[in-house]
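A.B. asks: Following is a predicted model, sequence given first.
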Amino acid sequence: MKPASNHPSHTDHKAPSGEGKSSAGRELAPGLYVLATPIGNAGDITLRALATLAAADLVLAEDTRVTGKLFSIHGLKQSLSPYNDHNAAEARPRILEKLRQGARIVLVSDAGTPLVSDPGFKLVREAIQEGIVVTALPGPSAALAALTLAALPTDRFLFAGFLPNRAGERVRALEELKNVRASLILFESPQRLATSLAAMRDVLGDRPAAVTRELTKLHEEVRRGPLSELAAHYEKAGPPKGEVTLVIGPPEDVVPDTMAIDAALQAALPFMPVKAAAEMIAALTGAARKSVYDRALELKDVGELKDE
């Protein structure tokens with residue numbers, strides 16, 4: 001995740017006493033601990049996270065300045081070491097060796113989890129490949145916070161990370177997401193927000209959406225509306241300040257026109273294989289590919305179509 005500044009909150013929590021002890025008073029087991037730090041408000045850190053940090057032999061952070069501020073707020077004194085895109089390839093073998101020797105190392109995911117635009121996932125992958133125990137300490141997540149505030153369906157959602165920078169690649173990425181029957185969660189830079197919202201409107205249709213900004217911070221803002229309205233607002237207002245997370249509603253259910261599908265099958269099947277015809281007609285009508293394929297087989301079975 002990209003670093004987000006932590007600001008002090010009204011909290012009296014202090015790091016638990018007892019070096020090497022967890023919040024339950026047990027020794028912290030050797031292994032790698034992936035720990036989500038707050039996405040904004042420093043008070044959002046969990047008691048378990050504080051206890052684990054206090055017991056760790058080493059804490060790895062993408063930006064030690066950001067994590068250092070959090071440590072200062074909560075009275076933590078543990079050793080901090082940078083682990084980021086600049087030094088990850090060199091540092092990772094040394095970290096893995098410490099883990100093999102039984103160290104208790106915390107990997108801090110700056111500004112929440114999951115590990116997005118962050119070299120941490122490579123460390124997690126290699127640690128698991130070597131049989132090292134990896135533990136996730138759940139906590140703040142901008143993606144889930146935005147979904148909670150968006151007032152859009154939450155029963156099914158897809159986190160799609162960042163869209164590509166280039167316009168053509170961005171459109172292709174959105175085309176791939178167009179038929180996903182779920183709410184979409186994306187990160188976007190403030191500078192590209194208006195352009196990306198307009199591209200989403202053009203490719204996905206004018207779906208309901210929410211733009212969330214500076215979540216859990218002093219100037220938190222959620223703006224909800226159709227993609228066209230949001231695109232027009234940010235085109236006029238200019239780039240907002242702070243971290244932005246977008247949530248876009250799922251596509252509307254399409255009621256297939258069975259008569260049109262049958263007519264298309266009648267026209268296509270004498271010249272095309274069933275599978276190819278079903279895929280083409282499903283794409284044109286928005287109907288489910290399997291239902292179109294099954295209907296083609298039904299027509300053939302009752303003799304309404306002939307193989308040629």
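C.D. replies: Thanks, I have the structure now. A quick note: this is a predicted structure, and the numbers were derived from the prediction, not measured.
A.B. asks: Just the element for L60, please.
C.D. replies: Taking DSSP states H and E as the criterion, L60 maps to strand 58-61.
A.B. asks: I'd like the average pLDDT over that strand.
C.D. replies: If you average the pLDDT over strand 58-61, you get 95.
A.B. asks: Which strands or helices does that strand pack on?
C.D. replies: strand 80-82, strand 104-109 (3 or more C-beta pairs under 8 Å, 6 or more residues apart in numbering; DSSP states H and E). Where C-beta positions appear, they are placed from N, C-alpha and C, glycine not excepted.
A.B. asks: Tell me which strands the first one pairs with, and in which orientation.
C.D. replies: Looking at strand 80-82 with DSSP bridges, its partner strands are strand 58-61 (parallel).
A.B. asks: list the helices and strands whichever helix or strand comes after the partner strand packs on?
C.D. replies: Using DSSP H and E, the helix or strand that follows strand 58-61 towards the C-terminus is helix 64-74. Counting contacts by 3+ C-beta pairs under 8 Å, 6+ apart, helix 64-74 packs against strand 80-82.
A.B. asks: what about the helices in the protein?
C.D. replies: 47-55, 64-74, 88-100, 120-129, 142-149, 167-177, 193-204, 227-237, 258-268, 274-285, 289-301 (DSSP state H).
A.B. asks: what angle do the second one and strand 104-109 make?
C.D. replies: Meaning helix 64-74. 110 degrees (axes from the mean of the first three to the mean of the last three C-alpha atoms, to 10 degrees).
A.B. asks: With the last one instead?
C.D. replies: Taking the same axes, to 10 degrees, helix 289-301 and strand 104-109 form an angle of 80 degrees between their directions.
A.B. asks: same deal with the fourth one?
C.D. replies: Following the same axes, to 10 degrees, one obtains 150 degrees for the angle between helix 120-129 and strand 104-109.
A.B. asks: What is helix 120-129 packed up against?
C.D. replies: Checking 3+ C-beta pairs under 8 Å, 6+ apart, helix 120-129 ends up next to strand 31-36, helix 88-100, strand 104-109, strand 134-137.
A.B. asks: let's see 6 Å
C.D. replies: On a contact count with 3 or more C-beta pairs under 6 Å, 6 or more residues apart in numbering; DSSP states H and E, helix 120-129 meets strand 134-137.
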